[in-house]
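Next one to model:
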Amino acid sequence: MANNPVANLLRVPELKDKILFTLAMLLIYRVGAHITVPGLDVGALRQQFSQLEGTFFGIYDMFVGGGLSRATIFALGIMPYISASIMFQLLAAVFPTIEKLQKEGEDGRKKLTQWTRYTTVVLSALQAYGYSAFLSAIPEAVRTPGIVFTFTTVLVLTVGALFVMWLGEQITERGIGNGMSLLIFFSIIQGFPAAVVRTWEAFTLGELSVFSGIALIAVVILVSAGVVAMTMAARKIPVQIPRKVVGRGRIREGQKSFIPLRVNSAGVMPIIFAQSFIVIPGTLAAFSSMPLLQTLSDMFQPQTAAYYITYGLLIVFFTYFYTAIIFNPIDLAENLKKQGAFIPGVKPGARTAEYIDRVLTRVTLPGSIYLALIALVPFWIFDIFNINTFFFGGTSLLIVVGVGLDTVQQAQQLLLLRHYDGFMKKGRVKMRGRQRYM
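From the prediction side, this is the model:
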């Protein structure tokens, strides 16, 4: 194989087809993200959305690549499906029926996927209706408000959300990488070229100093490196698999393995939850003139101490909360016990579950603090150097890095599988050749 990894990817026919299929699906997604819902003045709508930066609408707009501020047919993006998936993850901790389906293997997974799709339809329709009501409240943006506009908008946005869900599923099944994650990935990075151009223009006009430009590049590199390190970091718990008799007196030797407990098991979800909560005062104040809401909105604006402290504490809290939802030490201990495996020095069963929970709690603390710093450091640096032409937050950076690493790992696994498959085929051909002369 050549040393060029890109050339290796394109030399494998199956992998090449997967990459081209993925790119085709993403191209369709980006084309649909520029087709506007009928009956709207996009210019007036974008002017209204410029006043909603820092609210829930601004965060949602980032995840859908600006589709919400342009009112495109894919304005809801993949978020209804992701919301439905998260909903069932949370409900599994409350309802034993859902938890049982998660453990039933392929059949249970198919049934949960079907329920998630139905829930996506309901959430998409509700969000589309709420968005149409928001649009109708902007007279200069809607040309002919009324029941026809509401019905058309709800229908178009709901169908668009379901089509995006289908695109994501097709990428996952026939392409490379996780389709849902890749759709969000490309929605985020589509704004990077424009931000780079704005930054260069500000530099050439003298609005951005050389020192500020160097600081910007340093922050991007260091924070990206920190995200990669945190994404890959894990605490390995040693596991011993004892010697076992299998078949007709054959003995399988004992093996040593480990359980990797990631420092950031919760991924990007704590930052998303924290952002959703921290923007509530600003979102309510944008649609109300109550003095109390205006005061709270001013208190929790970025660049204030209350905003930074509350945001950081929310990230730490939701890191523990979401880790407890997605990681069950009791189930892990039971699975180890069924396989006959054990952690050296720890009794199987309840003691193993307690040990794993204790280690996970200790690992999650530095992970949550590190996650909070990743989210807050760009705010601090850009405020200090007065950089407002280019910005990326911890949420977008974690998604971009996490999805990028996951996609690269899947490509490497496919290459490795292809390599071993070719090796085995050569071995079988040699064996057949020997048998002909025996």
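
doesn't residue 228 make contact with residue 405?
Yes - checked against C-beta atoms under 8 Å, the pair residue 405 and residue 228 is within contact range at 7.1 Å. Where C-beta positions appear, they are placed from N, C-alpha and C, glycine not excepted.

overlap in contacts of those two?
Among the neighbours of residue 405, none is also in contact with residue 228 (C-beta atoms under 8 Å, 6 or more residues apart in numbering).

Name the helix or strand for residue 177, please.
Counting by DSSP states H and E, no helix or strand carries residue 177.

Provide the secondary structure category for the residue nearest to it when sequence neighbours are not counted.
Using C-beta to C-beta, 6 or more residues apart in numbering and skipping the chain neighbours, the partner closest in space to residue 177 is residue 407 (3.9 Å). Here residue 407 is recorded as helix under DSSP: H, G, I helix; E, B strand; the rest coil.

which ones are touching residue 407?
Residues in contact with residue 407 (C-beta under 8 Å, 6+ apart) are 176, 177, 178, 182.

out of those, which is most surrounded?
residue 182 (25 neighbours; other C-beta atoms under 10 Å).

Give me the pLDDT for residue 165.
pLDDT for residue 165: 92.

helices or strands up against whichever strand or helix holds residue 23?
In the assignment (DSSP H and E), residue 23 maps to helix 13-32. When contacts are defined as 3 or more C-beta pairs under 8 Å, 6 or more residues apart in numbering; DSSP states H and E, helix 13-32 sits against helix 5-11, helix 147-174, helix 179-189, helix 394-436.

in it, what's buried?
15, 18, 19, 21, 22, 25, 26, 29, 32 (16 or more other C-beta atoms under 10 Å).

Among these, which one lies nearest to residue 397?
residue 26 (20.1 Å; C-beta to C-beta).

Correct me if wrong: the closest one contacts residue 186.
Yes - counting by C-beta under 8 Å, residue 186 is a contact partner of residue 26 at 5.5 Å.

could you measure residue 201 against residue 229, distance?
The gap separating residue 201 from residue 229 is 33 Å, by C-beta to C-beta, to the nearest Å.

how about the closest residue to residue 170 other than its chain neighbours, what does it touch?
Distances taken as C-beta to C-beta, 6+ apart place residue 25 nearest to residue 170, at 5.9 Å, with adjacent residues excluded. Shown in contact with residue 25 (C-beta under 8 Å, 6+ apart): 167, 170, 171, 175, 179.

What pLDDT does the model give residue 25?
91.

what does the one 4 residues further on give?
pLDDT, the model's per-residue confidence, is 90 for residue 29.

Repeat that for residue 5.
On pLDDT, residue 5 comes in at 58.

What segments of the chain are strands?
Listed in chain order, the strands of the chain (DSSP state E) span 234-241, 244-246, 250-252, 255-262.

Dump those into JSON lines; add mean neighbour count as well.
Listed next are the strands of the chain as JSON lines, based on neighbours: other C-beta atoms under 10 Å:
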{"stretch": "strand 234-241", "mean neighbour count": "15"}
{"stretch": "strand 244-246", "mean neighbour count": "10"}
{"stretch": "strand 250-252", "mean neighbour count": "10"}
{"stretch": "strand 255-262", "mean neighbour count": "14"}
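
mind checking which of these is nearest residue 215?
strand 255-262 (30.6 Å).

Run through who's touching the closest one.
233-241, 332, 341, 356, 359-360, 363, 367.

Go again with 6 Å.
For strand 255-262, contacts defined as C-beta atoms under 6 Å, 6 or more residues apart in numbering pick out 234, 235, 236, 237, 238, 239, 241, 360, 363.

List the contacts of the third one.
Going back to what we said before, that points to residue 236. Residue 236 touches 258, 260, counting by C-beta under 6 Å, 6+ apart.

heads up, I number from 537, so please use that
Got it, the first residue is 537 from now on, which makes the last one we talked about residue 772.

Could you check how far it is from residue 839?
40 Å.

and residue 722, how many neighbours?
Residue 722: 17 neighbours (other C-beta under 10 Å).

Likewise for residue 597?
22.

sorry, back to before: out of the strands of the chain, flag the one nearest residue 640.
Using C-beta to C-beta, the nearest of the strands of the chain to residue 640 is strand 791-798, at 23.2 Å.

What is the distance between that closest one and the centre of its chain?
25 Å (C-alpha atoms, centre = their mean, to the nearest Å).

Partner strands of it and their direction?
For strand 791-798, the paired strands and their directions (DSSP bridges) are strand 770-777 (antiparallel).

Quick check: mean pLDDT of the partner strand?
Rounded mean pLDDT across strand 770-777 is 84.

could you list every residue that touches residue 939?
Residue 939 sits next to 717, 721 when contact means C-beta under 6 Å, 6+ apart.

quick one: low-confidence parts of the stretch 537-686 of the chain?
Where the stretch 537-686 of the chain drops to pLDDT under 70, the residues are 537-546, 586-592.

follow-up on the earlier one: where's the residue nearest to residue 706 relative to residue 885, distance?
46 Å.

Number of residues surrounding residue 902?
Residues near residue 902, counting by other C-beta under 10 Å: 13.

tally of neighbours for the closest residue to it other than its chain neighbours?
Nearest residue to residue 902 in three dimensions, chain neighbours excluded: residue 799, at 6.7 Å (C-beta to C-beta, 6+ apart). Neighbour count for residue 799, taken as other C-beta under 10 Å: 19.

Mind putting the strands of the chain into JSON lines with distance to residue 699?
Converted to JSON lines, these look like this (distance: least, C-beta to C-beta, whole Å):
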{"stretch": "strand 770-777", "distance to residue 699": "37"}
{"stretch": "strand 780-782", "distance to residue 699": "50"}
{"stretch": "strand 786-788", "distance to residue 699": "50"}
{"stretch": "strand 791-798", "distance to residue 699": "33"}
